[in-house]
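S.K.: I would like the atomic coordinates for the input below:
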Amino acid sequence: MYPDNSCGTNEYFEEVSTDTGRLANGYQWSMQPGHRMYLTQKLSTSQTATSIEELMVQSPASIPAPEN
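M.R.: Residues are numbered from 1 along each chain as shown. As a prediction, this is how the structure comes out:
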């Protein structure tokens, strides 16, 4: 469905894969495109909350039964 494996999240998040990850205890690791990464928010917290609220009040989508 989404050729870039984003699951439709490109509008909301940016993938960062060219940095170093660090934990509070000092552990570090290198990001690698397609393997290790983290996401940063593109929208403000209130915009993200509004998007989530809009999704939560929608009726569930019906999924067609698989063909056997």
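
S.K.: where along the protein do the strands fall?
M.R.: For the chain, the strands defined by DSSP state E cover 13-16, 20-22, 28-30, 38-41.

S.K.: how far does the second one sit from the chain's center?
M.R.: Same thing as strand 20-22. Averaging C-alpha positions (C-alpha atoms, centre = their mean, to the nearest Å) puts strand 20-22 18 Å from its chain's average.

S.K.: packing partners for that strand?
M.R.: Judged by 3 or more C-beta pairs under 8 Å, 6 or more residues apart in numbering; DSSP states H and E, strand 20-22 is in contact with strand 28-30. (C-beta placed from N, C-alpha, C; glycine too.)

S.K.: From the rest of the structure, what touches the strand it packs on?
M.R.: For strand 28-30, contacts defined as C-beta atoms under 8 Å, 6 or more residues apart in numbering pick out 20, 21, 22, 36.

S.K.: again, but for stretch 11-26
M.R.: 6, 28-43, 48, 51.

S.K.: so what pLDDT did the spatially most central residue of the chain get?
M.R.: Centroid-nearest residue in the chain, with C-alpha atoms, centre = their mean: residue 9, separated by 5.1 Å. On pLDDT, residue 9 comes in at 74.

S.K.: tell me the contacts of it?
M.R.: residue 39.

S.K.: what's the distance between stretch 35-46 and the middle of its chain?
M.R.: On the basis of C-alpha atoms, centre = their mean, stretch 35-46 sits 7 Å off its chain's mean C-alpha point.

S.K.: now the end-to-end length of it.
M.R.: Stretch 35-46 stretches 30 Å from its first residue to its last (C-alpha to C-alpha, to the nearest Å).

S.K.: who's in contact with it?
M.R.: Contacts of stretch 35-46 (C-beta under 8 Å, 6+ apart): 9, 11-17, 19, 21, 29-31, 48, 51.

S.K.: Widest-spaced pair of these?
M.R.: The distance between the two most remote of these (C-beta to C-beta) is 31.8 Å, for 30 and 51.
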